[in-house]
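A.B. asks: Below are the sequence and a predicted model; questions follow.
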Amino acid sequence: MNRQADTVLITGSSGFIGHRLMRELARDYRVVGLDLKETEVPEGARFVPIDLTSEEGVGKALRDVRGHEGPRIASVIHLAAYFDLSGEDDPKYDEVTVEGTRRLLHGLRDLDVEQFVFSSTMLVHKAGSPGTTITENRPLDPKLPYRASKIRTEQMIREERGDLKAVFLRPGGVYSNRCENAFLAHQIARIFEGRLKGHMYPGDLRTGQSFLHLEDLAEAVKRVIDRRDGLPPETAILLGEPAAIGYGDLQGRIGELIRGTPWQTWQIPKVMAKTGAWAEDEVLGGEPFTKPWMADIADDHYAIGISRARELLGWEPKHRLSDALPRMIENLKSDPDGWYRANKIDPARLERGRGPSDRVLDSC
């Protein structure tokens, strides 16, 4: 197969995942990145601005693609979506994620597209409990706006794809050697700073989730494209590391790597965690990342099965979070300011220091 002659479109190409995919796929394909704003475009790729909230914006971008790359598109990797931390519904979930995808699908009808790959999430599935494994057959659960928007979009694609092959990728929590996973990064930062709240968790300490290294995700996407002729017309594929490290064990490992001693974590009532998150955000003006709704999902367990990925793609992850943590923490220790910036955490937190209650528990 002459893959260099195949064109691949990537929406959300300026994001954490999209930018890396552009770089990886440009080695083998003619890659066009689509996003609102341009970032560094790797050699062998091209950028075209697109506004998914506008039919005119989508049409203009796809006409540009047709004019430069021609009508034949091997695969569209659709990463662009809306997300915020409020835990509340927002019109942008429909405007960007659901209807933006619909506009894109409709616009692609004027091109000869072989495959449409939608980036969903393992979180569309109903959570499990420690000791259980989630597969693609597990029921879906739209209990939070972000998850609900992904479920609605998957259903819309099924209804409107026509003869276009569709793949629904449902990855675990994506990370890199610098972390770059918001939830994990804040967990590490709280322990690094010795914060009191870093010792507390409002859920079963055995619960955890499957993670996925960015390099393993990129390899899976490449295989989805390469094997597009042999894939079913419509399929969902879970991607992640099969082992889900329990929150308590993960805390302990992070603490040991940072401080050289085990890190104690206590389970606290959800109402206490919600009240504390609300007070810190609304009254004290503290860490804006932690939200009350996070306590509601603290017992959710996502250990995923990847038998379908093995069968259809011949894929399994080469990385493990447990193996990546030492390098991740070493990067933090060697350049705390740079690590915080890379993970979109305010480096001023390092300068403000800790309060008295945090220092009391620093040796716990």
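C.D. replies: Received it, and whenever you're ready, just let me know what you need. For clarity, every value in this text was computed on a predicted model and none was experimentally measured.
A.B. asks: Now do the helices in the stretch 1-150 of the chain.
C.D. replies: Assigned by DSSP state H, counting those that start in this stretch, the helices in the stretch 1-150 of the chain fall at 16-25, 55-69, 91-92, 99-108, 145-160.
A.B. asks: Of all those, which one is nearest residue 326?
C.D. replies: helix 16-25 (21.8 Å; CB to CB). Glycine gets a C-beta too; all of them are placed from N, C-alpha and C.
A.B. asks: What helices and strands are in contact with the closest one?
C.D. replies: strand 7-11, strand 30-35, strand 45-49, helix 214-226 (3 or more CB pairs under 8 Å, 6 or more residues apart in numbering; DSSP states H and E).
A.B. asks: thinking again about what came up before, closest to residue 184 out of the helices of the stretch 1-150 of the chain?
C.D. replies: Judging these by CB to CB, what sits closest to residue 184 is helix 16-25, at 13.0 Å.
A.B. asks: Break down the stretch 101-250 of the chain into its strands, ranges please.
C.D. replies: 112-113, 115-119, 165-171, 173-175, 200-201, 211-213, 234-239 (DSSP state E, counting those that start in this stretch).
A.B. asks: how about those in TSV, adding mean pLDDT, distance to residue 291 and mean neighbour count?
C.D. replies: Below are the strands of the stretch 101-250 of the chain laid out as TSV (pLDDT from 0 to 100; distance: least, CB to CB, whole Å; neighbours: other CB atoms under 10 Å):
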stretch	mean pLDDT	distance to residue 291	mean neighbour count
strand 112-113	98	38	16
strand 115-119	98	23	23
strand 165-171	98	22	23
strand 173-175	98	17	22
strand 200-201	92	15	18
strand 211-213	98	21	24
strand 234-239	98	26	21
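A.B. asks: Can you say which of the ones you listed is nearest to residue 333?
C.D. replies: That would be strand 173-175 among those, by CB to CB, at 17.5 Å.
A.B. asks: The closest residue to residue 327 other than its chain neighbours: neighbour count?
C.D. replies: Counting by CB to CB, 6 or more residues apart in numbering, residue 327 lies nearest to residue 177, which is 5.5 Å off, once chain neighbours are set aside. Neighbour count for residue 177, taken as other CB atoms under 10 Å: 14.
A.B. asks: Touching, residue 177 and residue 328? I think so.
C.D. replies: Yes: assessed by CB atoms under 8 Å, residue 177 is found in contact with residue 328 at 6.2 Å.
A.B. asks: hmm, back to that, check what pLDDT the residue nearest to residue 327 gets.
C.D. replies: pLDDT, residue 177: 94.
A.B. asks: residues in contact with it?
C.D. replies: Residue 177 makes contact with 324, 327-328, 331, according to CB atoms under 8 Å, 6 or more residues apart in numbering.
A.B. asks: For residue 161, state which of those residues is nearest.
C.D. replies: Looking across the contacts of residue 177 and measuring by CB to CB, the closest to residue 161 is residue 324, at 35.9 Å.
A.B. asks: Check the residue lying closest to residue 64 once chain neighbours are set aside and give its pLDDT.
C.D. replies: The shortest distance from residue 64 to any non-neighbouring residue, by CB to CB, 6+ apart, is to residue 48 (5.0 Å). Confidence at residue 48, expressed as pLDDT, is 97.
A.B. asks: Next, find the distance separating residue 48 from residue 15.
C.D. replies: Applying CB to CB, to the nearest Å, the value for residue 48 to residue 15 is 15 Å.
A.B. asks: more crowded one of the two?
C.D. replies: residue 48 (19 against 16).
A.B. asks: is it true that the more buried one touches residue 63?
C.D. replies: No: taking contacts as CB under 8 Å, residue 48 lies outside contact range of residue 63: 9.7 Å.
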